[in-house]
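S.K.: any chance you could fold what I've pasted below:
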Amino acid sequence: MCADFPDGYWRELDARREYPEAFIEAMTKSGYLGALIPEEYGGLGLTLTETTIILEEINRSGGNAQPAHAQVYVMGTMLRHGSEEQKREYLPKIASGELRLQAFGVTEPEAGTDTTQLRTTAVRDGDHYVINGRKIYISRVRQSDLMVLLARTTPLDHVQRKSEGLSVFLIDLREAVGDGLTVKPRRVMINNETNELLFEDLRVPASSLIGEEGRGFRYILDGMNAERILIAAECIGNGRWFVDRATARAKERVVFGRPIGQNQGIQFPIARAHISVEAADQMRFRAAELFDRGEPCGAEANMALLLAADASWEAANAAMQTFGGYSYDAEYDIERKFRETRLFQVAPISTNLILSYVGEHVLGLPRSF
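M.R.: The predicted structure follows:
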């Protein structure tokens, strides 16, 4: 399927800042966007391990899995915590492509990574909730029918623990946009449809609540291990793409009468990048294996993401050096993928926060923040 979307397809989309509609349509028809949805709801019913391979291969082909990955992992919130009625109502339509769920509304301007400090509120009013607040860097809102939203339903000063009082909602964007929800596009470094959201007395049915009121933070954390493992796989796909391109270039590019790959200054960085990607790959599969068995995998998921993000960035830099001045030329696609893979040093979580997590929760060091 990826072979039908070569470099030129992604290059043109990047230049025009357009959403990959044709690619997403092909992903939907193939069933890949419903990879984690159980077969009884019309999905493929794959394991997380298998699903990581799908996203890896998209990036290894030179594409960008980001428009696809959100629908894959956002699904987990509804799968694990939604009511049977919600699952039967929405999952078959998402699997078939009748509905798109690719937007995930968590990040806010003031809160950043400290999700417990978010200020968007959802106040119960009869058989509705009234939502007010702002979200930022929320992707694919204009290409989605539905969005998973995290909002505070109990004020922070009314809870014993700051992680309490947050709830998850399934928002119907078709009804919300223009009727309490304003979407403001934001231009970012890569072609990743990104927006700021303004909620002004948006009324949503009480049935939009996923799971129990006040337990949303745990629900979101529940899905973050899957998200980290899936995005680690995307990084590995990027890393392998960079290594493949750099290796081919080092063999064919002749300067001073010899292939540049004969020079250790070119050869060694590519070899090191390859080793780093392969090592990260092992941690990816270890984390996915634990997840699929239902065992704790927080440490492994975080370490997989850090190793893969670092390996991909290392490979990106090796490819830039190997291509030299040509790496800045859009025709060679290196600069496009270079921009795309840089994101994973800061999103979905900063690699510095991963180090803090491992320091505190794995090594038992004092909490750093």
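S.K.: how far off centre is stretch 201-214?
M.R.: 24 Å (C-alpha atoms, centre = their mean, to the nearest Å).
S.K.: now do the buried residues in it.
M.R.: Neighbour-count burial for stretch 201-214 flags 202, 203, 204, 208, 209, 210, 211, 213, 214 (criterion: 16 or more other C-beta atoms under 10 Å). The way it works is simple: take the backbone N, C-alpha and C, and place the C-beta from them, glycine included.
S.K.: domains of this structure?
M.R.: 2-100, 102-214, 218-362 (automatic domain parsing).
S.K.: thinking again about what came up before, any chance of the buried residues of stretch 201-214 in a markdown table, plus distance to residue 24?
M.R.: What follows is the buried residues of stretch 201-214, written out as a markdown table (distance: C-beta to C-beta, whole Å):
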| residue | distance to residue 24 |
| --- | --- |
| 202 | 26 |
| 203 | 30 |
| 204 | 26 |
| 208 | 25 |
| 209 | 28 |
| 210 | 24 |
| 211 | 28 |
| 213 | 33 |
| 214 | 34 |
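S.K.: helices of the protein, start to end?
M.R.: For the chain, applying DSSP state H gives helices covering 7-16, 21-30, 48-60, 66-81, 84-96, 173-176, 216-252, 264-292, 298-323, 334-342, 351-357.
S.K.: ends of stretch 93-102, what's the gap?
M.R.: Taking C-alpha to C-alpha, to the nearest Å, the first and last residues of stretch 93-102 lie 13 Å apart.
S.K.: what residues sit buried inside stretch 316-323?
M.R.: Across stretch 316-323, burial judged by 16+ other C-beta under 10 Å covers 316, 317, 318, 319, 320, 322, 323.
S.K.: measure how buried residue 158 is and give me the count.
M.R.: Residues lying near residue 158 (other C-beta atoms under 10 Å) number 9.
S.K.: which ones are touching the nearest residue to it once chain neighbours are set aside?
M.R.: Excluding the flanking residues, the one nearest residue 158 by C-beta to C-beta, 6 or more residues apart in numbering is residue 165, at 6.8 Å. Taking C-beta atoms under 8 Å, 6 or more residues apart in numbering, we find residue 165 in contact with 152, 153, 154, 155, 156, 158, 159, 214.
S.K.: could you do residue 122 as well?
M.R.: Residues in contact with residue 122 (C-beta under 8 Å, 6+ apart) are 129, 130, 131, 151, 152, 153, 167, 169, 204.
S.K.: try it again with 10 Å
M.R.: 128-133, 149-154, 166-169, 199, 202, 204, 208-209, 213, 216 (C-beta atoms under 10 Å, 6 or more residues apart in numbering).
S.K.: can you give me the distance of it to residue 354?
M.R.: In this view, residue 122 and residue 354 are 30 Å apart by C-beta to C-beta, to the nearest Å.
S.K.: run through the stretch 101-250 of the chain and note the low-pLDDT ranges.
M.R.: Judged against pLDDT under 70, the stretch 101-250 of the chain has no low-scoring part.
S.K.: which residues in it form strands?
M.R.: 101-105, 121-125, 128-139, 146-152, 166-172, 181-186, 194-205, 209-210 (DSSP state E, counting those that start in this stretch).
S.K.: turn these into a markdown table, including distance to residue 223.
M.R.: What follows is these, written out as a markdown table (distance: least, C-beta to C-beta, whole Å):
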| stretch | distance to residue 223 |
| --- | --- |
| strand 101-105 | 9 |
| strand 121-125 | 19 |
| strand 128-139 | 16 |
| strand 146-152 | 9 |
| strand 166-172 | 10 |
| strand 181-186 | 23 |
| strand 194-205 | 20 |
| strand 209-210 | 11 |
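S.K.: quick one: closest of those strands to residue 329.
M.R.: Minimum separation from residue 329 across those (C-beta to C-beta) falls at strand 194-205, 25.6 Å.
S.K.: between that closest one and strand 101-105, how many degrees?
M.R.: Strand 194-205 runs at 90 degrees relative to strand 101-105, counting by axes from the mean of the first three to the mean of the last three C-alpha atoms, to 10 degrees.
S.K.: so how far is strand 194-205 from its chain's centroid?
M.R.: That offset, for strand 194-205, works out to 21 Å (C-alpha atoms, centre = their mean).
S.K.: stretch 46-57: which residues count as buried?
M.R.: For stretch 46-57, the neighbour count (16+ other C-beta under 10 Å) marks 46, 48, 49, 51, 52, 53, 54, 55, 56, 57 as buried.
S.K.: so how far is residue 285 from the closest residue to the fourth one other than its chain neighbours?
M.R.: With C-beta to C-beta, 6+ apart as the criterion, residue 51 has its nearest non-adjacent residue at 4.4 Å, and that residue is residue 35. Residue 35 sits 17 Å away from residue 285, going by C-beta to C-beta.
S.K.: pick out whichever of the two has more residues nearby.
M.R.: Between residue 35 and residue 285, counted using other C-beta under 10 Å, the more crowded position is residue 35 (26 against 18).
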